[in-house]
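1. Sharing a sequence plus its predicted fold:
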Amino acid sequence: MEAECTAGGAEELNSETSAPKARAGSLHKHSHELAEALEVEQEGLVEHQPLEQDDLNFERWKPKPKPKRTLHEKIGDLKTYLWNPETKEFMGRSGKSWSLILFFYSALYIFLAAMFAGCMCCLMWSISPYAPTYNDRVMPPGMTMTPHIHDVHGFEIIFNASDRNSWKKYARALEAQLKPYDDAVQERRNIACMQDAYFMQDDLEESTERKSCQFKRSWLGPCSGLQEKDFGYSAGKPCILLKMNRILGYLPGQGTPVNVDCGVKKGTPEALGDVEFYPKNIFNLMYYPYYGKLRHVNYTSPLVAVRFPNPQLDSHLHVQCKLNGKGIINDSPTDRFLGSVSFSLEVGA
């Protein structure tokens, strides 16, 4: 009986002890929730509070200006940047750092130079200095003339026969062009060749110098400048020289000489009068093929001299000279020097 009472008393004591603990935990939880609610409410009040006058003063938010530095201070900073005695640094870097930078860039540029030199050596080893590796897209030859005084719209020859100053520049240009064609020079440097046949020299070694055929100045007759130093300009009978452009290995005409004709491009043919050609109106086959300046050292391009003995005076003529032959193009709309050349001619009394 006493044992049961003792057990019952112990249970009542435990229940009485746990009840205050439960009430304390509930109270602590309630107070924590209340504190969180007050904190949220306070934050909301802070967010909706009106801005103070100091908050609207934006000047206070601007960065403060840096104090002006004197020239002496700037020079001192520059000296420190160039050489800092405390850290032993030159331009902000130590000796070890500069050494590594110099080593890196020296190695880099030495490598690039060696790679470039190697590529150039391989390129020069793979190509020939005497002939291009690929020449399957060579255009037909163009044609040039002397004298060629450039105008806005092309070449022009305009002069008065009685005024030496008006044609002196043309005579000088022709004389300079014909200097390498002097008979003595041609006899010393070149050989007499068989006409109307290609002068083939392909059986020689690639580096062997090729012989060149003579083209003597005296063959040009009244346009040679030997008899008439003024090339006919003082008499109103001007001369011009025509020359085909050099193309390495090219055989013009496919076995037939390429010929030249000249006529009025705009106007009546009678205004131009007669046209004379010296030595002939063809480019002889014996001057072809051309082997390049390294092998054809003394090569002189053949010329065709054109003389206008009786052009209509004080008339502005548009003259065109054209090449004619197999494989020749003389009517290109994009290249006016391809197989032809045009110029203006006006002869005054």
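-> Cool, got the structure.
2. Run through the residues that contact the closest residue to Ala305 other than its chain neighbours.
-> The shortest distance from Ala305 to any residue other than its chain neighbours is 3.6 Å, reached at Cys223 (Cβ to Cβ, 6 or more residues apart in numbering). C-beta here means a position set from N, CA and C on the backbone, and glycine is covered the same way. Residues near Cys223 by Cβ atoms under 8 Å, 6 or more residues apart in numbering: 174, 231-232, 239, 241, 278, 305-307.
3. Per-residue pLDDT of Cys223, please?
-> Listed pLDDT for Cys223 reads 96.
4. Please report how far it lies from Thr300.
-> Per Cβ to Cβ, to the nearest Å, Cys223 is found 16 Å from Thr300.
5. rewinding a little: let's see which of the contacts of Cys223 end up in helices.
-> Leu174 (DSSP state H).
6. now the contacts of Cys223 as a markdown table including pLDDT and distance to Tyr250?
-> Listed next are these as a markdown table, based on pLDDT from 0 to 100; distance: Cβ to Cβ, whole Å:
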| residue | pLDDT | distance to Tyr250 |
| --- | --- | --- |
| Leu174 | 95 | 26 |
| Phe231 | 96 | 30 |
| Gly232 | 95 | 32 |
| Cys239 | 96 | 27 |
| Leu241 | 96 | 20 |
| Tyr278 | 96 | 24 |
| Ala305 | 97 | 22 |
| Val306 | 97 | 23 |
| Arg307 | 96 | 28 |
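7. got a winner among the contacts of Cys223 for most neighbours?
-> Phe231 (29 neighbours; other Cβ atoms under 10 Å).
8. Hmm, Gly221 and that residue touching each other?
-> No. When contacts are counted by Cβ atoms under 8 Å, Phe231 is not listed as touching Gly221 (11.0 Å).
9. Okay, now the unreliable bits of the stretch 1-150 of the chain?
-> Low-confidence segments of the stretch 1-150 of the chain (pLDDT under 70): 1-60, 136-138, 150.
10. where exactly do the strands run in it?
-> With strands called from DSSP state E, counting those that start in this stretch, the stretch 1-150 of the chain shows them at 83-84, 89-90, 143-146, 150-151.
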